[in-house]
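sequence? don't have it. structure:
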């Protein structure tokens, strides 16, 4: 009765103090906030997505650094501060696997893989482009080298993500606790297959398979965006359905009852 | 409505073989490949002569042979499903072995064709056509390799002692659906790379 009265008076305070799922919601909220920042920084502030051309000569590359100087510094400063937020989302995904009927090894493997993935998947690019922006007096050939290094490390190193997706897929397909629908397991496979498709970006500087190509970047980005949107939605459902038990996860309760 | 309630609704009037989830995969992969094919056709219109010249260097006989072998593998995996449904597990096992053999023949002939093209100087980066050729046949090859894992699941389900569960039959059908997808995608790739002029 007392709890009910407190809840009515201040629902937010009740959630912060009493809701047993508050840590899970915090992790999920952090995941959403991170992806919003990620989108704004990479697509708007630094203009690194969609990627500029890999075929540019050093004069154009130096010009690109000059044009995006402030955006790169502000954007990547934000990324350096918030990179740690990825640990919350990785932990939530690992938690989803711990809730399954599968071995804990799946969750641990995923956690380690994705802890490493932030380095080739994001940080190397942020560091290399920040170096390029902060050392405009260097030899243009060196600036071009940092440019190549940044985009190839960001787009061409998908191995950790590939294996991570396969680990999650396998866990979902053999899970008996119905934590995620099986079709999401297969969607992980689709995502993993598109991670393979970006590898020719190391070879090609023009065409569909270059790092800014229609297949290596545009098509893959569509698949990745769908995949990310779907897993954010399904993680939200997982938290709603969580009963902190060990057996099959119950179905989502009708809205009024929640 | 959750996925589970959807599953409950669809269970009595099941309209697809295997898990409906696998059909979602088939649909999604088909859309992704439609994207690949769309880009191929677009680039083809940009330099039709180059594509025709390069295409002439492919041996149509190998393409036809590949297609026939995969169609046969689809036929044998379909027979495998039918036999498993009828409870004839020994026959189903034989059909799964046949499917594996056809898959291996396709794999070997594809590797042979790649080596042959590389020997005559047509590499991955030689020109736009061969970039597509290696890309499309390569990504299909990876699907084929995953198909062998699917066949492994079929073998495992067929070897389990009787009586087998309903889920066991569903898994056999799900894996067979994946194998058909590998075949289906190849037929489209064959038409685009070898036949369409």
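That came through, no problem. Because the structure is a prediction, the values reported are computed rather than measured. Numbering: from 1, shown residues only, chains lettered A, B, ... in the order given.

Show the residue spans covered by the helices in the chain.
I went with chain A, as the question did not name one. Assigned by DSSP state H, chain A shows helices spanning A:2-9, A:11-17, A:22-39, A:58-67, A:69-82, A:86-98, A:104-118, A:124-134, A:140-156, A:159-174, A:182-197, A:220-241.

oops, chain B please
Counting by DSSP H, the helices of chain B are B:3-10, B:20-46, B:48-55, B:60-85, B:89-119, B:128-159, B:166-190.

Include mean neighbour count when you put these into JSON lines, please.
No exception for glycine: its C-beta is placed from N, CA and C like everyone else's. Compiled in JSON lines, the helices of chain B are given as follows (neighbours: other C-beta atoms under 10 Å in any protein chain shown):
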{"stretch": "helix B:3-10", "mean neighbour count": "13"}
{"stretch": "helix B:20-46", "mean neighbour count": "17"}
{"stretch": "helix B:48-55", "mean neighbour count": "15"}
{"stretch": "helix B:60-85", "mean neighbour count": "19"}
{"stretch": "helix B:89-119", "mean neighbour count": "17"}
{"stretch": "helix B:128-159", "mean neighbour count": "19"}
{"stretch": "helix B:166-190", "mean neighbour count": "21"}
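
Can you check which of the ones you listed gets nearest to residue A:208?
helix B:20-46 (5.2 Å; C-beta to C-beta).

and that closest one, what other elements does it pack with?
helix A:182-197, helix B:128-159, helix B:166-190 (3 or more C-beta pairs under 8 Å, 6 or more residues apart in numbering or on different chains; DSSP states H and E).

ok, how many other residues are close to residue 56?
I'll assume chain A. 16 (other C-beta atoms under 10 Å in any protein chain shown).

That was the other one, I meant chain B.
Residue B:56, neighbours per other C-beta under 10 Å, totals 9.

Please report the distance of it from residue B:49.
11 Å (C-beta to C-beta, to the nearest Å).

what do you get for residue B:30?
Taken as C-beta to C-beta, the span from residue B:30 to residue B:49 is 30 Å.

related to what we said a few turns ago, mean pLDDT added to the helices of chain B, as a markdown table?
Output for those, formatted as a markdown table (pLDDT from 0 to 100):
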| stretch | mean pLDDT |
| --- | --- |
| helix B:3-10 | 43 |
| helix B:20-46 | 95 |
| helix B:48-55 | 94 |
| helix B:60-85 | 96 |
| helix B:89-119 | 96 |
| helix B:128-159 | 95 |
| helix B:166-190 | 93 |
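
Make CSV out of the ones you listed and add distance to residue A:18.
CSV is the format used below for these (distance: least, C-beta to C-beta, whole Å):
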stretch, distance to residue A:18
helix B:3-10, 28
helix B:20-46, 37
helix B:48-55, 66
helix B:60-85, 53
helix B:89-119, 55
helix B:128-159, 45
helix B:166-190, 40
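
Among those, which comes closest to residue A:128?
Using C-beta to C-beta, the helices of chain B put helix B:128-159 closest to residue A:128, at 27.5 Å.

and that closest one, is it in reach of chain A?
Yes - using C-beta under 8 Å from any C-beta of the partner chain, helix B:128-159 reaches chain A at B:128, B:131, B:135, B:139, B:142-143, B:146.

For stretch A:131-144, give the mean pLDDT please.
For stretch A:131-144, mean pLDDT is 96.

what does it rub up against?
The contact list for stretch A:131-144 (C-beta atoms under 8 Å, 6 or more residues apart in numbering or on different chains) reads A:56-59, A:61-62, A:65-66, A:68-69, A:72-73, A:146-147, A:150.

out of those residues, which are buried?
Neighbour-count burial (16 or more other C-beta atoms under 10 Å in any protein chain shown) is assigned, among the contacts of stretch A:131-144, to A:56, A:61-62, A:65, A:68, A:72-73, A:146-147, A:150.

Determine which two of those are furthest apart.
A:56 and A:73 (20.9 Å).

one step back: determine which two of the contacts of stretch A:131-144 are furthest apart.
It's A:57 and A:73 that sit farthest apart of these, by C-beta to C-beta, at 24.1 Å.

Now residue A:162: closest residue in space that isn't a chain neighbour?
residue A:195 (4.1 Å; C-beta to C-beta, 6 or more residues apart in numbering or on different chains).

er, residue B:74 I mean
Using C-beta to C-beta, 6+ apart, the nearest residue to residue B:74 is residue B:183, at 4.3 Å.

and if you look at residue A:92?
residue A:27 (4.2 Å).

Could you count how many residues lie near the one you found?
20.

repeat for the one 4 residues further on
The number of residues packed around residue A:31, counting by other C-beta under 10 Å, is 23.

which regions of the stretch 101-250 of chain A sit below the pLDDT cut-off?
Within the stretch 101-250 of chain A, no stretch has pLDDT under 70.

Can you name the residues that contact residue A:45?
A:71-72, A:74-75, A:78.

May I see those residues arranged in JSON lines, with pLDDT and distance to residue A:245 as well?
Supplementary listing: those in JSON lines, determined by pLDDT from 0 to 100; distance: C-beta to C-beta, whole Å:
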{"residue": "A:71", "pLDDT": "96", "distance to residue A:245": "48"}
{"residue": "A:72", "pLDDT": "97", "distance to residue A:245": "48"}
{"residue": "A:74", "pLDDT": "97", "distance to residue A:245": "46"}
{"residue": "A:75", "pLDDT": "97", "distance to residue A:245": "43"}
{"residue": "A:78", "pLDDT": "97", "distance to residue A:245": "39"}
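
Turn those residues into CSV, including distance to residue A:129.
Putting the contacts of residue A:45 into CSV (distance: C-beta to C-beta, whole Å) gives the following:
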residue, distance to residue A:129
A:71, 10
A:72, 5
A:74, 12
A:75, 9
A:78, 13
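
Any chance of a PyMOL selection covering the buried ones in those?
The following PyMOL line selects those of these that are buried, judged by 16+ other C-beta under 10 Å:
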select buried, chain A and resi 71+72+75+78
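
if we take the contacts of residue A:45, which one ends up nearest to residue A:118?
residue A:78 (14.7 Å).

which bits of the stretch 151-258 of chain A sit near chain B?
Checking the stretch 151-258 of chain A against chain B by C-beta under 8 Å from any C-beta, the hits are A:178, A:181-183, A:185-187, A:189-190, A:193-194, A:196-197, A:200, A:203-204, A:207-209, A:214-215, A:219, A:222-223, A:237, A:241, A:251-252.

Can you say which of those are buried?
Counted by 16+ other C-beta under 10 Å, those give A:178, A:181-183, A:185-187, A:189-190, A:193-194, A:197, A:200, A:204, A:207-209, A:214-215, A:219, A:223, A:237, A:241, A:252 as buried.

re earlier: could you work out which of the helices and strands packed on helix B:20-46 reaches nearest to residue B:45?
Short answer: helix B:128-159, nearest of the helices and strands packed on helix B:20-46 by C-beta to C-beta, at 11.6 Å.
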